[in-house]
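K.L.:
Return a 3D structure for these sequence lines:
(4 chains)
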Number of protein chains: 2
Amino acid sequence: MKDDPDSGKNQGKGLSRIQQRNRKLILDAALEVFASEGYRGATLDQIAAQAGLSKPNILYYFSGKEEIHVTLLNRLMETWLDPLRQVDPQGEPLEELLAYIHRKVRMSKQFPRESRLFANEVLQGAPRMKPHLKSGLKPLFDDTCALIQGWMDAGKLAACDPQHLIFSIWATTQHYADFDAQVKVLTGGKSAINGGEDYLDTLFRKLLTP
Amino acid sequence: MKDDPDSGKNQGKGLSRIQQRNRKLILDAALEVFASEGYRGATLDQIAAQAGLSKPNILYYFSGKEEIHVTLLNRLMETWLDPLRQVDPQGEPLEELLAYIHRKVRMSKQFPRESRLFANEVLQGAPRMKPHLKSGLKPLFDDTCALIQGWMDAGKLAACDPQHLIFSIWATTQHYADFDAQVKVLTGGKSAINGGEDYLDTLFRKLLTP
DNA sequence: TCGTGACTTTACCAAGTGGTCAAAAAAGAC
DNA sequence: GTCTTTTTTGACCACTTGGTAAAGTCACGA
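P.N.:
You can find the predicted model right below:
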């Protein structure tokens, strides 16, 4: 009789083994498909095939396409903000920022699908993520800009616009995940991201060294 | 009897006034829709509505969704390569590259939809554009890398990896078009691209000044 | 082992999709 | 004006899409 996986004796986070496994399968498949096709372009059939489950079975675990997407986006937001949160106001300014850049590069390498999911969402005008951006990212962004500005005012960093600095860090680091298809064509398929890490260190070190 | 717009007394490029107007309407509408929804996400109905024409009328001018997309991509490739082609091997190295960066920034401002169309295509693995990338972009990319390497070897520019240099120029300049939704949220809707132009000039000037 | 609830599948919609076709309506040419 | 060609439209089609209903199968505790 119970056909809602959230009810029964396992409530809240206490999912059965099968539920844990299948929700993971579905979200992983959906990440793949949404990241490469965008929200509208992705189909439940693709996700089902990728997950190795039937379409109605997918809809047993999630109420619909939208809910899967939203779930992915919510998870993503946390993963995405994390490297920025780790910037330590007490640390050595230049090294903190360069460490942040290295974290971002490594995230691009380790989570390219997440990066592309995010890129797809923002490209389309961030219809489902704009509230998250305003409530989650914006405050952190503002704080970090103020922190960097403080460091610059104190002469610990060369002066430049903190907002554009952060934009350029995001742009350059995520480029290796988001434009991977182009990077592969132009570099002959070698994993370019390693050379990229050194290059970006030089680029931002030269910019920021007082 | 003639129902092929390419036949009749107007052949080749000699399109009637109506044909010119409507093909332009359609391509402009399609650019808008493809850029924000991706290929699969875009529908002929959306394009038709955006163009102010009926769906069968769209298919009178183009044989199908695919042909519209391919036409846009072909046009795009030319627009896209142009700023890079203008780099003058005889010019002053630093100023040539900075001028290139300024052209790219201005293109992001002037043709954001084209930038997003390109981003969408590459994000999805460049399924329709990979041949173009290999035949059109790759040779130009290689030549430019060699040119820059030559400049560096001659001591006209500080040394760095030319491939990653170009990637970082593309990433930072196109970011303002592709991630506009995010940039707007974080800067409070001000047109951030103007400040971006100055910032990027500083960034790459510091990197490349010998 | 058997019953109960958790899980899965088969069969099925209704709406939306890219695309066709023949007929109607405009444009031109004379 | 009238005759021909170009352009536009309304009706339609086959297929895909997100989603549902109900019947089936499985796992596990009593």
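K.L.:
okay, the angle between the longest helix seen in chain A and helix B:17-41?
P.N.:
Across chain A, the longest stretch assigned as helix under DSSP state H is helix A:17-41. Angle, helix A:17-41 to helix B:17-41, by axes from the mean of the first three to the mean of the last three Cα atoms, to 10 degrees: 170 degrees.
K.L.:
hmm, the helix or strand that helix A:17-41 is followed by in reach of DNA strand D?
P.N.:
Counting by DSSP states H and E, the element after helix A:17-41 in chain order, helix or strand, is helix A:44-51. Yes. Helix A:44-51 reaches DNA strand D (Cβ under 7 Å from any atom of the strand) through A:Leu44, A:Asp45. All C-beta atoms are positioned from the backbone trio N, CA, C, and that covers glycine.
K.L.:
For the helix or strand following helix A:44-51, which helices and strands make contact with it?
P.N.:
The first helix or strand that comes after helix A:44-51 along the chain, using DSSP H and E, is helix A:55-61. Here helix A:55-61 touches helix A:17-41, helix A:44-51, going by 3 or more Cβ pairs under 8 Å, 6 or more residues apart in numbering or on different chains; DSSP states H and E.
K.L.:
hmm, helix A:55-61 in reach of DNA strand D?
P.N.:
Yes. Helix A:55-61 lies within reach of DNA strand D by Cβ under 7 Å from any atom of the strand, at A:Lys55, A:Pro56, A:Leu59.
K.L.:
For the last one, which residues are in contact?
P.N.:
Spelled out, that is A:Leu59. A:Leu44 (Cβ atoms under 8 Å, 6 or more residues apart in numbering or on different chains).
K.L.:
nearest to chain B, of the residues of helix A:55-61 next to DNA strand D?
P.N.:
Among the residues of helix A:55-61 next to DNA strand D, A:Lys55 lies closest to chain B (Cβ to the nearest Cβ), at 17.7 Å.
K.L.:
how many other residues sit next to that closest one?
P.N.:
Close neighbours of A:Lys55, defined as other Cβ atoms under 10 Å in any protein chain shown, add up to 14.
K.L.:
number of nearby residues for the residue lying closest to it once chain neighbours are set aside?
P.N.:
Distances taken as Cβ to Cβ, 6 or more residues apart in numbering or on different chains place A:Ala48 nearest to A:Lys55, at 4.5 Å, with adjacent residues excluded. Here the number of neighbours of A:Ala48 (other Cβ under 10 Å) works out to 20.
K.L.:
go on, the one 10 residues further on?
P.N.:
Residue neighbour count, defined by other Cβ under 10 Å, stands at 22 for A:Ile58.
K.L.:
How about the contacts made by the residue lying closest to it once chain neighbours are set aside?
P.N.:
Leaving aside its sequence neighbours, A:Ile58 sits nearest to A:Ala48 (Cβ to Cβ, 6+ apart; 5.2 Å). A:Ala48 sits next to A:Ala29, A:Ser54, A:Lys55, A:Asn57, A:Ile58 when contact means Cβ under 8 Å, 6+ apart.
K.L.:
measure the fourth one to A:Ile18 for me?
P.N.:
As defined by Cβ to Cβ, to the nearest Å, A:Asn57 lies at a distance of 11 Å from A:Ile18.
K.L.:
Neighbour count: those two, which is higher?
P.N.:
A:Asn57 (13 against 10).
K.L.:
For chain A, which residues are neighbours of DNA strand D?
P.N.:
Within chain A, the positions lying close to DNA strand D (Cβ under 7 Å from any atom of the strand) are A:3, A:17, A:42-45, A:55-56, A:59, A:63-66.
K.L.:
mind running it again at 10 Å?
P.N.:
A:1-3, A:9, A:16-18, A:33, A:37, A:39-49, A:54-60, A:62-69 (Cβ under 10 Å from any atom of the strand).
K.L.:
residues in contact with stretch A:105-124?
P.N.:
In contact with stretch A:105-124 (Cβ under 8 Å, 6+ apart) are residues A:31-32, A:34-36, A:38-39, A:72-73, A:76, A:79-80, A:83, A:127-129, A:173-178, A:180, A:193, A:196-197, A:200, B:36-38, B:41, B:116, B:119-120, B:123, B:178-179, B:181-182.
K.L.:
Excluding sequence neighbours, find me the nearest residue to A:Ile169.
P.N.:
Spatial nearest neighbour of A:Ile169, chain neighbours left out: A:Ile101 (5.7 Å); criterion: Cβ to Cβ, 6+ apart.
K.L.:
same question but for A:Ser54, I mixed them up
P.N.:
Leaving out its chain neighbours, the residue that sits closest to A:Ser54 by Cβ to Cβ, 6+ apart is A:Ala48, at 6.1 Å.
K.L.:
quick one: which helix or strand includes A:Leu140?
P.N.:
Using DSSP H and E, A:Leu140 sits in helix A:138-153.
K.L.:
avg pLDDT for that helix?
P.N.:
The average pLDDT within helix A:138-153 is 98.
K.L.:
near chain B, anything from it?
P.N.:
Yes. Applying Cβ under 8 Å from any Cβ of the partner chain, one finds that helix A:138-153 is in contact with chain B at A:Lys138, A:Phe141.
K.L.:
which helices and strands sit right next to that helix?
P.N.:
helix A:65-85, helix A:93-110, helix A:162-178, helix B:180-187.
K.L.:
Now do that helix: everything it contacts.
P.N.:
With Cβ under 8 Å, 6+ apart as the test, helix A:138-153 has contacts from A:81, A:84-85, A:87, A:89, A:93, A:97, A:157-160, A:162-163, A:165-166, B:185-186.
K.L.:
Buried only: go through those for me.
P.N.:
Buried subset of these (neighbour count, 16 or more other Cβ atoms under 10 Å in any protein chain shown): A:Leu84, A:Val87, A:Pro93, A:Leu97, A:Leu157, A:Cys160, A:Pro162, A:Gln163, A:Leu165, A:Ile166, B:Val185, B:Leu186.
K.L.:
Farthest-apart pair in those, please.
P.N.:
Across the buried ones among the contacts of helix A:138-153, the longest distance by Cβ to Cβ is 26.0 Å; it joins A:Pro93 and B:Val185.
K.L.:
on that earlier part again, just send the buried ones among the contacts of helix A:138-153 back as a markdown table, with pLDDT too.
P.N.:
A markdown table is the format used below for those (pLDDT from 0 to 100):
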| residue | pLDDT |
| --- | --- |
| A:Leu84 | 97 |
| A:Val87 | 98 |
| A:Pro93 | 98 |
| A:Leu97 | 98 |
| A:Leu157 | 98 |
| A:Cys160 | 97 |
| A:Pro162 | 98 |
| A:Gln163 | 98 |
| A:Leu165 | 98 |
| A:Ile166 | 98 |
| B:Val185 | 96 |
| B:Leu186 | 97 |
